[in-house]
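> Fold the following and give me the result.
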Amino acid sequence: MATAIDNSGQEVSVSIVITVVAQSPLNVTLTSSTTTPTVNTPVAFAAAVTPTTVAIVRYEWAFGDGTSANTSGASTSHAYSSGGLKTATVTAVALDGREGTGQLQVLIAQTAPTASFVFSPSAPTTVTTVQFNASGSSSSTGTTIDGYAWNFGDGSSAVGVTTSHTFTTAGIYAVVLTVTDSAGASATTSSTVTVTASTPTASFVFSPTAPIPATSVLFNATASTAPAGRTIDGYAWSFGDGSTAVGVTTSHAFTAAGVYNVVLTVTDSAGETDTTSAAVTVAAASPTATFVFSPSAPTVGVNVQFDGTQSTAPAGRTITLYEWNFGDGVTESGASALVGHVFETAGTVTVTLTVTDSTGATATTSQTVTVS
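Model (predicted):
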């Protein structure tokens, strides 16, 4: 009720109705776009106020570490000097005097962890189990690594500080390790793993190891092996003289002397192959040189008879030349296996016989003769 005086001096009572409309409260949401904040790294904060039509004149920030700031804008950043769980608070002050507060907890890691791993073997095949070990990873003081997540690059994954994996297809794989510490900070590292197709192993021996022409040489590949779960299905031989054969064992006679590169190729049940080779030296067959002499204890001036008739040549050949060296500076040669020699000086000499057969192959033998 209000009282007024009109122009005539009379008091007039006037009723005035005042309607007070309550203002809607301010709602403030505080967010951060920094996903893994660490010490001394700026953390981005943003405040969103509703209703959005309200004019905000000031944002009052308290970062939960004893520091604060005022801004006219709805965003700011702050670097924490220590780790731990921090509660950041923002108060939005409107032109009409209204206020609203929002809070956000942020976990500050001391520093990001370090992801590191090794694997063995370093050159795996498709049947090899590869061992991965991330124990070399580390975290900052006051935190521990709580999570190890592996991605093997072939669609497979695993967890744990150590793990193993078998790659089923040859190729190059980028293996990725992500570690997460107890403060929620994470780090990632990767390494390339080159996987080759597993192959069998070809191996063989042969006997005799020093054959001569026309000798049957036995070749044996039973020492060859296939990867686990497979068998060797094929053995292919090439003897280096144009001849070939198949089978885990085989034999071959080389017709001429020489050095032959014998090659074995094995094929396993998965179609994988391996090849190995060995040099086989085929020596020309040699004659055999031997002789006797009489008397067995000759004296100076006595004619000593030397007999090389027991020397032999390989089948189909003959000995065509006998060459004698009597050890006293005298030599003699000819087609005859029998020869006589007189020693002019007492002493012990070495008598040597060299025989040559009809193919030019030679053999040599020696004996000591004591002349008194």
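> Okay, now the sheet partners of the strand or helix carrying residue 90, with direction.
Per DSSP states H and E, residue 90 falls inside strand 84-94. Note on strand 84-94: by DSSP bridges, its sheet partners are strand 56-62 (antiparallel), strand 99-108 (antiparallel).
> worst-scoring helix or strand of this structure, pLDDT-wise?
Lowest on mean pLDDT, DSSP states H and E among the helices and strands of the chain sits strand 2-5, with a mean of 59.
> Residue 52 and residue 92, how far apart?
From residue 52 across to residue 92, the span is 12 Å (C-beta to C-beta, to the nearest Å). The C-beta positions use only the backbone N, C-alpha and C, and glycine is treated the same way.
> the more surrounded of these two?
Taking neighbours as other C-beta atoms under 10 Å, residue 52 and residue 92 compare with residue 92 leading, 23 against 7.
> so who does that one touch?
By C-beta atoms under 8 Å, 6 or more residues apart in numbering, the contact list for residue 92 reads 26, 28, 47, 49, 56, 58, 59, 74, 99, 100, 101, 102.
> What's the PyMOL syntax to select whichever of the residues you listed are buried?
Buried members of these, defined by 16 or more other C-beta atoms under 10 Å, are picked up in PyMOL with:
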select buried, resi 26+28+47+49+56+59+74+100+102
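> what ranges of the protein fall below the confidence cut-off?
Scanning the chain for pLDDT under 70 picks out 1-22.
> Repeat the analysis, applying 80 as the threshold.
Flagging of the chain using pLDDT under 80 yields the residue ranges 1-23, 36, 109-112, 127, 140-142, 183, 228, 284, 315-316.
> Mind splitting it into its structural domains?
If you go by automatic domain parsing, the domain ranges for the chain are 27-108, 118-195, 205-282, 292-371.
> how long is the third one from one end to the other?
Which is domain 205-282. With C-alpha to C-alpha, to the nearest Å as the measure, domain 205-282 spans 15 Å from end to end.
> Distance check, residue 255 against residue 209.
Using C-beta to C-beta, we find residue 255 at a distance of 19 Å from residue 209.
> right, I mislabeled it, should have said residue 254
13 Å.
> Kindly report the same for residue 322.
Separation of residue 322 from residue 209 (C-beta to C-beta): 31 Å.
> In terms of packing, which of these two has more residues around it?
residue 322 (23 against 10).
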